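Participant: sequence first, predicted coordinates after that:
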Amino acid sequence: MKVVDLFCGCGGLSLGFQKAGMEVVAAFDNWVDALAVYRKNFSHPAIYADLKNIEESVEAIRSFNPDMIIGGPPCQDFSSAGKRDENNGRGDLTVCYAQIISEVKPNWFVMENVERILKTQKLQEALRVFHKAGYGVTYTVLNAALCGVPQRRKRFVMVGKLGENDDFMKLALAEKLSDHEMSVAEYFGDKLPIKYYYRHPRSYARRGIFSTSEPSATIRGVNRPMPNGYKLHPGDPVNTLEGIRPLTSRERSMIQTFPEDFSFEGTKTNIEQMVGNAVPVNLGYYVADAIFRYSGEQRKINDEFKKSKPVSVSLFD
């Protein structure tokens, strides 16, 4: 399938779909620094675009004739870490994304966002656009730690297909979930030479020390050092702070399941934000693989139907 990635960031979703065997043919975003990183790691075009401009965006995207559009419209206005104002501007991009898809009319689309989008009116607006355009949709919340990612990160995922019924992919999105959450140590093996690390808490009422024997908490767009005078929290799994440090930017990107050789560039602040905002690569792979499995089952059903002989039934025998 030919795929176009909108709001591509530094490319986590693109990389996951490529890993699953999809052909990503183009990517669009208006974040200049992230596009520079994307271009260093992918050979297809990564195009600067204002995706609020529906008409221009549709024309540019149509030129790639995609079978599928994927993307994660910026979610800060829905996030528990943000101001939670869905009318603050970026929330509108969810509706813009739906409008672009309804005009381009790819056979498939995938939309990724924070779990909190379920409580917003913008999602309801987007759903009305999708349904009016003829898409059946399946949406769910996936815990990345059950999808091959060493991180407890809950993300909203919606898959749409022209002419389908709603909930058509519920089984495919659920059937390959792991029976346990992946830990940091399980993913890294011997590549991470520490057993405990510091992650700056949102408040000091929460712990700041984490063990590699558990999944990472959600990777955020900031990575602060451990402050002088940090006092052990009752929930910290250590008795001393000796040898405790924050994860490096590279280690954080690997928890997001970017490969070790993925090339980042820019200021530390920008790189940390790119890493924190990215879709985990293996979560993208999980969703793309589910689409392939569903498509394979549908092809099998269609092929069997075509091979079968038509049966004539009389109601008057």
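Facilitator: Sure, I can see it.

Participant: only C-alpha atoms for contact and neighbour calcs from this point on.
Facilitator: Will do.

Participant: checking V24 next. Helix, strand or coil?
Facilitator: Taking DSSP: H, G, I helix; E, B strand; the rest coil as the rule, one finds V24 in the strand state.

Participant: my guess is it contacts V3, does it?
Facilitator: Yes. With contacts counted by CA atoms under 8 Å, V24 reaches V3, the gap being 4.5 Å.

Participant: shouldn't A288 be in contact with F17?
Facilitator: Yes. Counting by CA under 8 Å, A288 does reach F17; the two are 5.5 Å apart.

Participant: shared neighbours of those two, which are they?
Facilitator: Residues touching both A288 and F17 (CA atoms under 8 Å, 6 or more residues apart in numbering): there are none.

Participant: centre of the chain to stretch 110-120, how far?
Facilitator: 11 Å (CA atoms, centre = their mean, to the nearest Å).

Participant: dump it to PDB, keeping only the CA atoms.
Facilitator: What follows is stretch 110-120 as a C-alpha-only set of coordinates in PDB (Å, rounded to 0.1, in the frame of the first residue of the first chain):
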ATOM      1  CA  VAL A 110      -5.100   5.800  10.500                       C
ATOM      2  CA  MET A 111      -5.300   8.500  13.100                       C
ATOM      3  CA  GLU A 112      -3.300   8.400  16.400                       C
ATOM      4  CA  ASN A 113      -3.700  10.700  19.400                       C
ATOM      5  CA  VAL A 114      -3.800  10.900  23.200                       C
ATOM      6  CA  GLU A 115      -6.400   8.900  25.100                       C
ATOM      7  CA  ARG A 116      -8.100  12.100  26.200                       C
ATOM      8  CA  ILE A 117      -9.400  12.900  22.700                       C
ATOM      9  CA  LEU A 118     -12.300  10.500  23.500                       C
ATOM     10  CA  LYS A 119     -13.800  13.200  25.700                       C
ATOM     11  CA  THR A 120     -13.600  16.000  23.200                       C
END
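
Participant: list the buried residues for that stretch?
Facilitator: 110-118 (16 or more other CA atoms under 10 Å).

Participant: which of those fall within strands?
Facilitator: Among the buried residues of stretch 110-120, the members falling in strands are 110-114 (criterion: DSSP state E).

Participant: what ranges do the helices span in the protein?
Facilitator: 12-20, 32-41, 54-62, 92-104, 121-132, 170-174, 184-188, 249-255, 268-277, 281-307 (DSSP state H).

Participant: give me whichever of those is most buried.
Facilitator: Highest mean neighbour count of these: helix 12-20, a mean of 23 (counted as mean count of other CA atoms under 10 Å).

Participant: just checking, what packs against that helix?
Facilitator: Here helix 12-20 touches strand 23-29, helix 281-307, going by 3 or more CA pairs under 8 Å, 6 or more residues apart in numbering; DSSP states H and E.

Participant: and those, which one's lowest on average pLDDT?
Facilitator: Note on the helices and strands packed on helix 12-20: lowest mean pLDDT is at helix 281-307, with a mean of 79.

Participant: dump stretch 121-128 to CSV, restricted to CA.
Facilitator: Output in CSV follows, covering the C-alpha atoms of stretch 121-128 (Å, rounded to 0.1, in the frame of the first residue of the first chain):
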residue,chain,number,x,y,z
GLN,A,121,-16.1,17.4,20.7
LYS,A,122,-13.4,17.6,18.1
LEU,A,123,-13.4,13.9,17.9
GLN,A,124,-17.2,13.8,17.4
GLU,A,125,-16.8,16.4,14.6
ALA,A,126,-14.1,14.4,12.9
LEU,A,127,-16.3,11.2,13.2
ARG,A,128,-19.1,13.0,11.4
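
Participant: fine by me, thanks again.
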